[in-house]
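Novice: pasting the structure only:
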């Protein structure tokens, strides 16, 4: 099995995880949590989204969060932006990197941002050009890559077309999102094979799995075997999508990190610090999180040192 020697884990919990939570999280707790994530060895943290407070009230404090976090010199602190106004707010907050998004499903895209896909491209073009002019790299998200609750399975040719457009606009990497957790390993293998044949390599792609049906780890393994070296995760398995019925949490960062480390693939994660960060946010939210490693850790099982008891 030809696997990478190291993998980059991109933490999206402070944005993708918290945006779906009903319980409000204070700025102080967000800042503390992000600082704990920085101390865990994670070197890419998506801290918030510069969206209208009427869209996602839980992230209306993005400026203050970026102002207060303690930045690790080797880490990248990024934010999702929906439009030029969001970009301007993000740049004023000195984000390290910006992310833009579009859905592979036209119906979901309209429900999400009230625009068709064709209407979305000019907005993304302005955001990407404006960010690059300020020497900020831009990452692209494509939602609903493997299937949509409104349109069913998404054609691979449509995914290719959107990827080609985003690369042309200037994103350096595309994160392929299984937004409702509907993908299965054969489907992932098929998509990645076609993308690799079409684009020549998968070096500029990442995978973003939700674990709705418990296949996030299995799908990640297929991605590894195909050559993907960057994965998004959300600590504790936090997450969901307010515009996609049935979307549950993202794959838990610690579950993915555990699998990789056990396979001899370096993540440079500090397990104890990562688990402490997971316990912290679970207590703040006051409900149990679905992460396997977190729930074992709370029972006294240290998975990183198999069979050891605390």
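Specialist: Arrived safely, thanks for sending. Bear in mind the structure is a predicted one, so any value in this text is a computation, not a measurement.

Novice: And the next helix or strand past the helix or strand harbouring residue 90?
Specialist: Secondary structure from DSSP states H and E places residue 90 in helix 84-92. Later in the chain than helix 84-92, the nearest helix or strand by DSSP H and E is strand 97-103.

Novice: could you check the angle helix 84-92 makes with that next one?
Specialist: Counting by axes from the mean of the first three to the mean of the last three CA atoms, to 10 degrees, strand 97-103 lies at 160 degrees to helix 84-92.

Novice: State the next helix or strand along the chain beyond strand 97-103.
Specialist: Downstream of strand 97-103 (by DSSP H and E), the next one is helix 106-113.

Novice: Let me see the contact set for residue 24.
Specialist: residue 58 (CB atoms under 8 Å, 6 or more residues apart in numbering). Every residue, glycine included, has its C-beta placed from N, CA and C.

Novice: Find me the pLDDT at residue 304, would you?
Specialist: The score at residue 304 is 79. That number is its pLDDT.

Novice: What sits closest to it if chain neighbours are left out?
Specialist: residue 271 (4.3 Å; CB to CB, 6 or more residues apart in numbering).

Novice: how much space between that neighbour and residue 293?
Specialist: Separation of residue 271 from residue 293 (CB to CB, to the nearest Å): 8 Å.

Novice: now the helices for the stretch 201-310 of the chain?
Specialist: With DSSP state H, counting those that start in this stretch as the criterion, the stretch 201-310 of the chain has helices at 216-226, 253-262, 271-285, 292-298.

Novice: Run through who's touching the third one.
Specialist: Spelled out, that is helix 271-285. Identification of contacts with helix 271-285 by CB under 8 Å, 6+ apart yields 13, 17, 21, 23, 25, 29, 32-33, 36-37, 39-42, 235-236, 238, 253-254, 257-258, 261, 288-289, 291, 293-294, 297-298, 302, 304.

Novice: about what we covered before: what mean pLDDT does the helix holding residue 90 get?
Specialist: Throughout helix 84-92, pLDDT has a mean value of 98.

Novice: Pull out the buried positions in that helix.
Specialist: For helix 84-92, burial by neighbour count (16 or more other CB atoms under 10 Å) applies to 86-87, 89-91.

Novice: try stretch 64-84
Specialist: 65-66, 69, 72, 75-83.

Novice: returning to that earlier point: figure out how far the helix holding residue 90 is from the centre of its chain.
Specialist: Its chain's C-alpha centre and that of helix 84-92 lie 20 Å apart, by CA atoms, centre = their mean, to the nearest Å.
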